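Visitor: Give me coordinates for this.
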Amino acid sequence: MSRFISVLFATLFLLFNTVFAQDAARVDELNAKAKELLQNASSLNIEDARSTATEALTLAVQIGYAKGEAEAYIIMAETYEQEGNPALGLRFRKKAQKKLANPDAVLTIIQQQPKNFGDFPAPVETRPRERVMEPEVVDQHPIEIRRPASQPIVTTSFKPSGNVDSDIKNKMSELEQKQKMIEDLQRQRSVQATALGEQTELSARIEAQLAQQEAEYEATKSQILALKQEKENNDLRIKQQKIIGIILMNVVLIALIFIFVVIRQIRAKNKANTELAKALDELKSTQEQLVQREKLASLGQLTAGIAHEIQNPLNFVNNFADLSIELLEEVKASNDIEEIKEIAGDLIQNLTKIHHHGKRADSIVKNMLQHSRDQKSEKEATDLNELLKEFVNLAYHGLRATDKNFNCKIEQDLDKTLPKMNLVKQDLGRVLLNMFNNSFYSISKKIVANKEDYQPVLSVHTEVVNDKTVIVIRDNGLGMSEDVKQKLFNPFFTTKPTGEGTGLGLSISHDIIVKMHGGSIEVNSKEGEYAEFKISLPIA
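Guide: Numbering: from 1, shown residues only. A predicted model of the protein is given here:
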């Protein structure tokens with residue numbers, strides 16, 4: 001039983017060492033991967049390195065691998081230090097120092113091969129005690145001396161039958177017979193030695209037979225010991241086979257459990273991935289709806305401004321048409337050539353103004369159609385100053401269409417030497433309209449709070465600086481705090497009340513300026529005083 005336990009412990013120790021060595025190697029591999037990611041210090045690589053180090057730390061804690069824990073702590077400290085958080089990095093370094101302070105905490109993995117079953121000590125066979133022959137008390141009376149019949153000397157040879165237990169019983173029986181014969185011969189020798197000292201020849205024969213029987217006795221004992229040893233070896237071999245069978249069954253059982261767990265985890269991950277994909281599709285759909293809503297809101301504001309803008313040229317056209325009709329009535333009633341010529345000159349001026357304002361109305365309608373169409377983003381040469389004038393007027397009159405009492409001074413300082421820019425006109429117009437709307441919205445809110453002392457002003461400035469066209473839009477509205485400035489271009493962030501904004505206008509504007517045109521947007525503001533947006537676009 002003790003041998004079985006020893007073999008079992010040796011096998012389990014080997015399995016434990018193998019599994020632990022694999023887990024420790026996995027921890028070292030994860031730490032090495034995290035170090036490699038840290039060499040390229042980008043924000044994405046830092047996050048991946050921290051995630052990898054966390055995985056290594058978890059596995060090291062599970063298997064008690066202190067060295068791996070310390071390395072993982074150091075890597076995590078470096079990630080936080082690279083992100084500008086040395087205090088948190090110092091905490092992780094202290095944890096690593098505590099792990100490395102005790103040298104015994106670093107586990108040394110010892111690979112030990114199990115002993116062969118033949119190396120275990122064989123059981124010691126206890127030799128049976130020989131019977132001590134007590135000498136018999138012999139009468140001193142004369143006795144009749146009988147010569148023992150001459151017994152043939154038999155040499156025994158051992159041939160195993162295949163059944164070890166049967167062979168041992170036969171040999172034990174034979175051994176008992178030999179022992180009885182030896183006792184008889186010893187008794188005869190004792191009697192003859194005391195009573196018939198002269199029978200030397202018979203005594204010598206008895207001595208020879210006694211020696212032969214003793215030799216056969218020892219040979220039989222050796223054969224019995226050999227049979228017992230063979231039986232013990234067979235039992236040990238059977239035990240070894242049983243142990244190996246148990247170990248194989250355990251290994252198969254562990255493998256099946258592992259496969260079951262892996263399959264279950266894979267199914268859980270697939271289910272989670274399916275749910276995540278579904279949630280992602282829903283999120284994309286919601287984002288598309290919000291973007292469309294933002295576009296529709298922008299289009300509504302644009303339409304209101306256009307309606308006001310187009311009303312002015314139509315009023316001019318109607319007025320000059322009425323005047324022209326009156327002049328023609330005068331021509332019809334007059335016979336004075338000079339008067340008719342003067343009226344004709346006035347008619348020409350009226351028709352010229354009607355044509356000019358008709359063209360203006362036509363241009364507004366074309367811009368509205370162009371803005372509302374879903375066209376491909378194609379860049380074209382654009383007069384930026386004219387684009388700014390057009391959209392600041394559209395935004396202003398769009399707000400006045402909803403608030404008749406709104407008034408604001410618009411200051412335009414536009415660089416006349418500004419070259420034409422290669423831009424996507426519709427998209428940049430959407431950016432400008434969004435920024436002007438935000439400025440006028442901020443101004444209108446401040447007007448409500450300061451009705452008497454407040455003078456609203458919106459200024460637009462353009463210039464060329466270092467091969468870049470710079471647009472500065474500044475208003476003296478409510479301004480914004482530092483916290484709002486940090487989140488200003490985040491999707492879905494808005495300071496407007498619910499229902500008045502989607503939080504996508506400035507986010508889309510940022511993408512159009514930065515990603516589509518390779519420019520930049522800077523924000524400078526002081527809460528309660530002003531807000532300034534600086535747009536830089538490369539001329540090339």
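Visitor: Give me the helices and strands touching the helix or strand where residue 226 lies, please.
Guide: Assigned by DSSP states H and E, residue 226 falls within helix 200-333. Using 3 or more Cβ pairs under 8 Å, 6 or more residues apart in numbering; DSSP states H and E, the elements in contact with helix 200-333 are helix 2-39, helix 164-195, helix 337-372, helix 384-402, helix 425-449, helix 505-511. C-beta here means a position set from N, CA and C on the backbone, and glycine is covered the same way.
Visitor: That helix versus helix 425-449: what angle between them?
Guide: Inter-element angle recorded for helix 200-333 and helix 425-449: 80 degrees (by axes from the mean of the first three to the mean of the last three Cα atoms, to 10 degrees).
Visitor: okay if I get the helices and strands packed on helix 200-333 as JSON lines plus distance to residue 525 and mean pLDDT?
Guide: Below are the helices and strands packed on helix 200-333 laid out as JSON lines (distance: least, Cβ to Cβ, whole Å; pLDDT from 0 to 100):
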{"stretch": "helix 2-39", "distance to residue 525": "37", "mean pLDDT": "71"}
{"stretch": "helix 164-195", "distance to residue 525": "102", "mean pLDDT": "74"}
{"stretch": "helix 337-372", "distance to residue 525": "28", "mean pLDDT": "76"}
{"stretch": "helix 384-402", "distance to residue 525": "19", "mean pLDDT": "86"}
{"stretch": "helix 425-449", "distance to residue 525": "10", "mean pLDDT": "87"}
{"stretch": "helix 505-511", "distance to residue 525": "13", "mean pLDDT": "83"}
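Visitor: CSV for those helices, including mean neighbour count and distance to residue 410?
Guide: Supplementary listing: the helices and strands packed on helix 200-333 in CSV, determined by neighbours: other Cβ atoms under 10 Å; distance: least, Cβ to Cβ, whole Å:
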stretch, mean neighbour count, distance to residue 410
helix 2-39, 15, 53
helix 164-195, 15, 116
helix 337-372, 14, 18
helix 384-402, 20, 6
helix 425-449, 21, 9
helix 505-511, 20, 20
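Visitor: just so I know, which of those lies nearest residue 477?
Guide: Across those, residue 477 has its closest neighbour in helix 425-449 (3.0 Å, Cβ to Cβ).
Visitor: What strands flank the helix or strand that comes right after that closest one, and is each parallel or antiparallel?
Guide: Once the chain leaves helix 425-449, the next helix or strand it forms, by DSSP H and E, is strand 457-464. Strands that pair with strand 457-464, judged by DSSP bridges, come out as strand 409-413 (parallel), strand 468-475 (antiparallel).
Visitor: Tell me which residues of strand 457-464 come out buried.
Guide: Using 16 or more other Cβ atoms under 10 Å as the burial criterion, the residues of strand 457-464 that qualify are 458-462.
Visitor: looking only at pLDDT, what's the mean for the helix holding residue 226?
Guide: The average pLDDT for helix 200-333 rounds to 80.
Visitor: what is the orientation angle of that helix with helix 164-195?
Guide: Counting by the same axes, to 10 degrees, helix 200-333 lies at 160 degrees to helix 164-195.
Visitor: what about helix 200-333, distance to the chain center?
Guide: 12 Å (Cα atoms, centre = their mean, to the nearest Å).
Visitor: Report the contact partners of residue 509.
Guide: Taking Cβ atoms under 8 Å, 6 or more residues apart in numbering, we find residue 509 in contact with 430-431, 434-435, 521.
Visitor: what's the answer for residue 533, then?
Guide: 435, 472-474, 521-523.
Visitor: Give me the domain ranges for the protein.
Guide: Per automatic domain parsing, the domain ranges recorded for the chain read 2-105, 377-538.
Visitor: For stretch 381-393, list the C-alpha coordinates in PDB.
Guide: Only the C-alpha atoms of stretch 381-393 are listed here, as PDB (Å, rounded to 0.1, in the frame of the first residue of the first chain):
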ATOM      1  CA  ALA A 381     -12.600  76.200 -56.200                       C
ATOM      2  CA  THR A 382     -14.600  78.300 -53.800                       C
ATOM      3  CA  ASP A 383     -14.600  82.000 -52.900                       C
ATOM      4  CA  LEU A 384     -14.500  81.700 -49.100                       C
ATOM      5  CA  ASN A 385     -15.400  85.300 -48.400                       C
ATOM      6  CA  GLU A 386     -18.600  85.000 -50.500                       C
ATOM      7  CA  LEU A 387     -19.400  81.700 -48.800                       C
ATOM      8  CA  LEU A 388     -19.100  83.400 -45.400                       C
ATOM      9  CA  LYS A 389     -21.200  86.300 -46.400                       C
ATOM     10  CA  GLU A 390     -23.900  84.100 -47.700                       C
ATOM     11  CA  PHE A 391     -24.200  81.800 -44.700                       C
ATOM     12  CA  VAL A 392     -23.900  84.400 -42.000                       C
ATOM     13  CA  ASN A 393     -26.900  86.200 -43.600                       C
END
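Visitor: among the strands paired with strand 457-464, which is nearest residue 61?
Guide: Of all those, strand 468-475 sits nearest to residue 61, with 54.2 Å by Cβ to Cβ.
Visitor: Quick one: distance of that closest one to the chain centre.
Guide: 43 Å.
Visitor: Name the residues of that strand that come out as buried.
Guide: 469-475.
Visitor: Report the angle between that strand and helix 384-402.
Guide: 20 degrees.
Visitor: contact partners of strand 468-475?
Guide: Against strand 468-475 from outside (Cβ under 8 Å, 6+ apart): 384, 388, 418-419, 421, 435-436, 439-440, 442-443, 456-464, 519, 530-539.
Visitor: rewinding a little: so which of the buried residues of strand 457-464 comes closest to residue 338?
Guide: Nearest to residue 338 out of the buried residues of strand 457-464 is residue 460 (Cβ to Cβ; 48.9 Å).
Visitor: per-residue confidence at the closest residue to the closest one other than its chain neighbours?
Guide: Leaving aside its chain neighbours, residue 460 sits nearest to residue 412 (5.0 Å; criterion: Cβ to Cβ, 6 or more residues apart in numbering). On the pLDDT scale, residue 412 is placed at 93.
Visitor: now for the strands paired with strand 457-464, which one comes closest to residue 288?
Guide: Across those, residue 288 has its closest neighbour in strand 468-475 (28.7 Å, Cβ to Cβ).
Visitor: Any idea what residue 520 is bridged to?
Guide: Beta-bridge partners, per DSSP bridges, of residue 520: residue 536.
Visitor: Return the residues in contact with it.
Guide: Contacts of residue 520 (Cβ under 8 Å, 6+ apart): 513-514, 535-536.
Visitor: ranking those residues by neighbours, who comes first?
Guide: Neighbour counts for the contacts of residue 520, by other Cβ atoms under 10 Å, peak at residue 535, which reaches 22 neighbours.
Visitor: which residues does the closest residue to it other than its chain neighbours bridge with?
Guide: Distances taken as Cβ to Cβ, 6+ apart place residue 471 nearest to residue 535, at 4.3 Å, with adjacent residues excluded. Here residue 471 sits in beta bridges with residue 462, residue 535, going by DSSP bridges.
Visitor: Can you give me the distance of residue 471 to residue 425?
Guide: Residue 471 is 15 Å from residue 425, where distance means Cβ to Cβ, to the nearest Å.
Visitor: okay, the contacts of residue 520 in CSV with pLDDT and distance to residue 378 next?
Guide: Below are the contacts of residue 520 laid out as CSV (pLDDT from 0 to 100; distance: Cβ to Cβ, whole Å):
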residue, pLDDT, distance to residue 378
513, 89, 17
514, 90, 19
535, 93, 21
536, 93, 22
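Visitor: Considering these, which is situated nearest to residue 230?
Guide: Comparing these against residue 230 with Cβ to Cβ places residue 514 closest, at 89.7 Å.
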